[in-house]
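Asker: kindly return the folded structure for what I paste below:
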Amino acid sequence: MTPSFETFQFFVYQVENWYKTHYRPLPWREEPSPYHIWLAEIIFQQTRIEQGMGYYVRFVEKYPNIQLLASAPEDEILRMWQGLGYYSRALNLHKTAKIIANKGGNFPNNVEELKKLPGIGPYTAGAIASIAFGKRSPLVDGNVQRVLSRFFGIDAPVNDSKSLAHFYTLADQLVKICENPSYFNQGLMDLGSLICKPSKPKCIECPLASMCYAEARQLTDVLPVRKSAPKKTNRYMLYGFYDNNGIIAVQKRGANDIWKNLYQLPLLLDTFDEKIAMDFVNTHLKKLNPFNIKHILSHQVLHIRIFTLQKLPLIEESDTFIFMPKDELSDLGFPVPFQKFFSKISE
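Answerer: Numbering: from 1, shown residues only. Next comes the predicted model:
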């Protein structure tokens, strides 16, 4: 059943008023320039605020404007991003910075033009347009979908791309009648993050509770609906650590796989077949005790083993080795598993 206009009015009024009362003084809200909003939205994709806040502060301190960010070396950007994961975000951040800097530092003020920039999808474009420019542009992320699903009783799977258009249509209808698009969109995001949580939502504190479909029917543990996630693929990666009197061999990864353009130790074997990995270890590395770590990505489970070697490995890509003093490794961007290994050997 299509919600009534009065239901839409109630929803918008409650969200905006709640935001005015429960506004969180986050740094990018204190100075909501397009640059700061964009930087925050990119950093906090797939990242909780408490986890990413330090990164945001460090980026703003080091690159207070987009021209400085654009002129920074890529390796420096990746090192600053180290630990956040989803490194394509950092690479696209740098690409967009260069594009905007070349246009005088001015971001487009509408969703369609914003979406043409690397790393900016409908959600980020909607956030920049509505928060920085006051445009009546909808945005939909997981928090927003959860609020809409529960309040309006939507049983379409939130992780199905076919359902996304429905959520955007609804969000667009709502933002079109709100008083302040910036307040409404930020209120909707915060309500999903702070109140309408995935589990144990704080319905008693929710300004929408009196007309919420899920709350009235005790369905907050059922909505939103999610399709079963595809099974993650196991990947087996064997590395060699070679220390020649404080000089360490490393490699830079390519741009067509995980950890784009980051650094790693010499790669001995990379396979999705566990038997191949075990055969390689038994044939070439049997007497060595490796450092083992399991690293989980969104689509893969990485089974990483790092072997300390007495000589450089004979591998096809040996011409890609870079030799670095051990105390300068921190100048390079390494994925989390290697950071953990370096911490272990420095103990």
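Asker: quick one: the strands in the protein?
Answerer: For the chain, the strands defined by DSSP state E occupy 233-244, 247-252, 263-264, 267-271, 291-296, 300-309, 322-325.
Asker: please enumerate the helices of the stretch 151-300 of the chain.
Answerer: For the stretch 151-300 of the chain, applying DSSP state H, counting those that start in this stretch gives helices covering 161-176, 181-190, 213-216, 274-284.
Asker: so where's the stretch 1-150 of the chain uncertain?
Answerer: Low-confidence segments of the stretch 1-150 of the chain (pLDDT under 70): 1.
Asker: if you set the cut-off to 90 instead, what comes out?
Answerer: 1-3, 23, 30-32, 45-48, 82-87 (pLDDT under 90).
Asker: can you say which of the helices of the stretch 151-300 of the chain is packed in most?
Answerer: Comparing the helices of the stretch 151-300 of the chain by mean neighbour count (mean count of other C-beta atoms under 10 Å), helix 181-190 ranks first with a mean of 24. For glycine as for every other residue, the C-beta is placed from the backbone atoms N, C-alpha and C.
Asker: how far away is Ser71 from Val57?
Answerer: 20 Å (C-beta to C-beta, to the nearest Å).
Asker: now Ser210
Answerer: 39 Å.
Asker: and for Pro224?
Answerer: 32 Å.
Asker: looking at the two, which is more packed in?
Answerer: Pro224 (23 against 11; other C-beta atoms under 10 Å).
Asker: give me every residue that touches the closest residue to that one other than its chain neighbours.
Answerer: Nearest residue to Pro224, sequence neighbours excluded (C-beta to C-beta, 6 or more residues apart in numbering): Ser149, at 3.6 Å. Counting by C-beta atoms under 8 Å, 6 or more residues apart in numbering, Ser149 makes contact with Asp155, Ala156, Val158, Ala214, Leu223, Pro224, Val225.
Asker: got the contact list for the residue nearest to Leu91 when sequence neighbours are not counted?
Answerer: Excluding the flanking residues, the one nearest Leu91 by C-beta to C-beta, 6+ apart is Lys260, at 5.9 Å. By C-beta under 8 Å, 6+ apart, the residues touching Lys260 are Tyr87, Ser88, Leu91, Arg253, Gly254.
Asker: one more time with 6 Å
Answerer: Tyr87, Ser88, Leu91 (C-beta atoms under 6 Å, 6 or more residues apart in numbering).
Asker: what is the nearest of the residues you listed to Ile345?
Answerer: Nearest to Ile345, judged by C-beta to C-beta, of those is Tyr87 at 23.4 Å.
Asker: quick check: Ser163 touching Ile154?
Answerer: No: taking contacts as C-beta atoms under 6 Å, Ser163 lies outside contact range of Ile154: 8.1 Å.
Asker: re earlier: and the strands of the chain, which is most packed in?
Answerer: Ranked by mean neighbour count under mean count of other C-beta under 10 Å, the strands of the chain are led by strand 263-264, which reaches a mean of 20.
Asker: what does that one rub up against?
Answerer: Contacts of strand 263-264 (C-beta under 6 Å, 6+ apart): Val250, Gln251, Lys252, Arg253, Leu332, Phe334.
Asker: can you list those in TSV and add distance to Pro138 and pLDDT?
Answerer: Output for the contacts of strand 263-264, formatted as TSV (distance: C-beta to C-beta, whole Å; pLDDT from 0 to 100):
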residue	distance to Pro138	pLDDT
Val250	45	94
Gln251	44	92
Lys252	40	91
Arg253	37	90
Leu332	40	91
Phe334	39	94
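Asker: where in the stretch 151-300 of the chain is pLDDT low?
Answerer: Looking at the stretch 151-300 of the chain by pLDDT under 90, you get 159-162, 227-230, 244, 254-256, 260-261, 284, 286-288, 298.
Asker: again, only using 80
Answerer: By pLDDT under 80, the low-scoring segments of the stretch 151-300 of the chain are 255.
Asker: and for Phe338, the neighbour number?
Answerer: Phe338: 25 surrounding residues under other C-beta under 10 Å.
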